[in-house]
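> Any chance you can model this:
(4 chains)
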2 protein chains.
Amino acid sequence: MATTTHPFRFDDGLSQRISETLQLLAATLAPQRRVVHAGETIYQAGEKFSHLYILNSGICKLLSQSADGREQVVGLKFRGDWLGFAAISQGHYVCDAVAMDTGEVWAMRYDSVMKACAAHPALMAVIHEAMSGEIMRDRDSMMSVCTLPADARVADFLRYWADSLAERGLRTDQITLRMTRAEIGNYLGITLETVSRALSKLERAALIHFTEKGRRDIAIPDVGGLEDFIQRCLGAPVSV
Amino acid sequence: MATTTHPFRFDDGLSQRISETLQLLAATLAPQRRVVHAGETIYQAGEKFSHLYILNSGICKLLSQSADGREQVVGLKFRGDWLGFAAISQGHYVCDAVAMDTGEVWAMRYDSVMKACAAHPALMAVIHEAMSGEIMRDRDSMMSVCTLPADARVADFLRYWADSLAERGLRTDQITLRMTRAEIGNYLGITLETVSRALSKLERAALIHFTEKGRRDIAIPDVGGLEDFIQRCLGAPVSV
DNA sequence: CGTCGCATTGAAGCCATTCAAGGTAGGTGG
DNA sequence: CCACCTACCTTGAATGGCTTCAATGCGACG
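Predicted coordinates:
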């Protein structure tokens, strides 16, 4: 199906759709642009809800905290993804949005968005699709966490990251994970040691390679290989 | 905080808001009503997306299936909840929606909804809130699955179910779980045996009681007790 | 050069799964 | 009405995967 020799796995036009969306927003809402650097906060849980955001570049994580203090990475956002949807129903932001590298976010007042939606059906469609996509993605996460063993979750995480980049036309032959092992583990519901072991195992299987000195930069020769690995994780305990 | 002697734990007006929403929909969209019985399908994965649905009564589950055949309960829906949001971004439904008891669903063509939204800002606000709420709820699930041990997940599941009923003004002194142990386990990422053991443990701790002959009907004397139980599950391995 | 944060790896222990054996309730048909 | 079947649930025992605990390594930074 996919042309595996091509450096980019998909090109279904998502990248172009994102550009069109950004143009539409620029034209109808005059968003306020802000450059963010790694570690900077875009909004914080508890703040009064006022703006929706869209990422024009960079990568960003969503951190949620339960009433009793448990912390959880509940989402990762890439170019074209919206931030702040969950706040609409609450009236205040319900998680922290933190930039993971340098990027640019566009801020739009929610009431302006609503008004613009009424006037521009295309804008409303775009927003509904974005919210719908977020719901889809959350379910994929649930599926991964609930049905996959630890090694496969890590493989699926890498696949997700690589696919997210590829869909946006970014290079995937060498990707930089902008999360610590502890954060990855938190996101996947496993410990940092298990993440580390899983990555080592994937490297031994030649499904990934660590580039550079540090072990944050990863090369994935063939994303399909990760999917095969996930299948093997599932198949082994059942059939054999 | 909560008046624990009262049979309904919350009355924040959600029930009334739902009624108002249903009235608004009835007035602006003339939805098509359909009575469903336990086991009947509202829509199926793969069908072309055309309608959004809202539950007027009854309870319903969402079943997702991955490309490689893994099945997963990805959501539970109660009165006032919408169905089909995830399909917007895909053009077709991505999971099966199955009624768990007798209820009534209202169907509305999505293109009609979009048109009505442009004309009625209140309707648009309602839909955005509903999608936002679904995103919130999905994150709560992630949090539960990723940070709680098995026993606590089951307790949290019961708490969620009871709260969902209470918010809607339904009685919670005696609730009927309309899922098998296997389905509950699937939803929580644990096995059916573990669910069974957890329920037995909660009964021994007098946090729940089985009523009737079968073990599907459960009485929860005090939902707050379940929250304390969850805290103890978390606290024990850490502090003591 | 020493410190600090992060990552890796080993060993031990535990929680959840797996495997297995009943038990219960409801439906069907003799 | 009872025997039987099926689906679901419960409980025990053993296994195993993941966590926990601990030690070491590595790179960045002052």
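> Strands of chain A, start to end?
Here chain A has its strands, by DSSP state E, at A:32-36, A:41-43, A:51-57, A:60-65, A:71-77, A:82-83, A:95-99, A:103-109, A:175-176, A:209-210, A:217-219.
> quick one, which of these is nearest to B:E227?
Comparison of the strands of chain A against B:E227 by Cβ to Cβ identifies strand A:60-65 as nearest, at 16.2 Å. Backbone N, C-alpha and C define where each C-beta goes, glycine included.
> Which strands or helices does that closest one pack on?
Judged by 3 or more Cβ pairs under 8 Å, 6 or more residues apart in numbering or on different chains; DSSP states H and E, strand A:60-65 is in contact with strand A:71-77, strand A:95-99.
> tell me what the helix or strand bottoming out on mean pLDDT in chain A is packed against?
In chain A, no helix or strand scores lower on mean pLDDT, DSSP states H and E than helix A:223-238, which sits at a mean of 86. On a contact count with 3+ Cβ pairs under 8 Å, 6+ apart, helix A:223-238 meets helix A:150-167.
> If you count contacts, what does the helix it packs on end up packed against?
So helix A:150-167, by 3+ Cβ pairs under 8 Å, 6+ apart, packs with helix A:121-147, strand A:175-176, helix A:181-188, helix A:192-204, helix A:223-238.
> Residue numbers of chain A in contact with DNA strand C?
Neighbours of DNA strand C within chain A, by Cβ under 7 Å from any atom of the strand: A:180-182, A:192-193, A:195-197, A:199-200, A:210, A:215-216, A:237.
> returning to that earlier point: any chance of the helices and strands packed on strand A:60-65 in TSV, plus mean pLDDT and mean neighbour count?
Shown next, in TSV, are these (pLDDT from 0 to 100; neighbours: other Cβ atoms under 10 Å in any protein chain shown):
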stretch	mean pLDDT	mean neighbour count
strand A:71-77	98	22
strand A:95-99	98	22
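> So which of those is nearest B:S112?
Here strand A:71-77 is closest among the helices and strands packed on strand A:60-65 (Cβ to Cβ), at 31.2 Å.
> Next one: the closest one, is it in contact with chain B?
Yes. Applying Cβ under 8 Å from any Cβ of the partner chain, one finds strand A:71-77 in contact with chain B at A:Q72, A:V74, A:G75.
> Say whether DNA strand D is contacted by that strand.
No. Shown here: strand A:71-77 not in contact with DNA strand D (Cβ under 7 Å from any atom of the strand), separated by at least 13.4 Å.
> Show residues contacting that strand.
The contact list for strand A:71-77 (Cβ atoms under 8 Å, 6 or more residues apart in numbering or on different chains) reads A:55, A:59-66, A:83, A:95, A:97, A:134, A:137-138, A:161, A:164, A:179, A:183, A:186-187, B:139, B:142-143, B:146-147.
> Buried ones among those?
Those of the contacts of strand A:71-77 that meet the buried threshold are A:55, A:59-65, A:83, A:95, A:97, A:134, A:137-138, A:161, A:164, A:179, A:183, A:186-187, B:139, B:142-143, B:146-147, by 16 or more other Cβ atoms under 10 Å in any protein chain shown.
> Of all the helices and strands packed on helix A:150-167, which one comes closest to DNA strand D?
Counting by Cβ to the nearest atom of the strand, DNA strand D lies closest to helix A:192-204 out of the helices and strands packed on helix A:150-167; the figure is 3.1 Å.
> Any buried residues in the closest one, and which?
A:T194, A:V195, A:S196, A:R197, A:A198, A:L199, A:K201, A:L202.
> Nice, that's everything, thank you.
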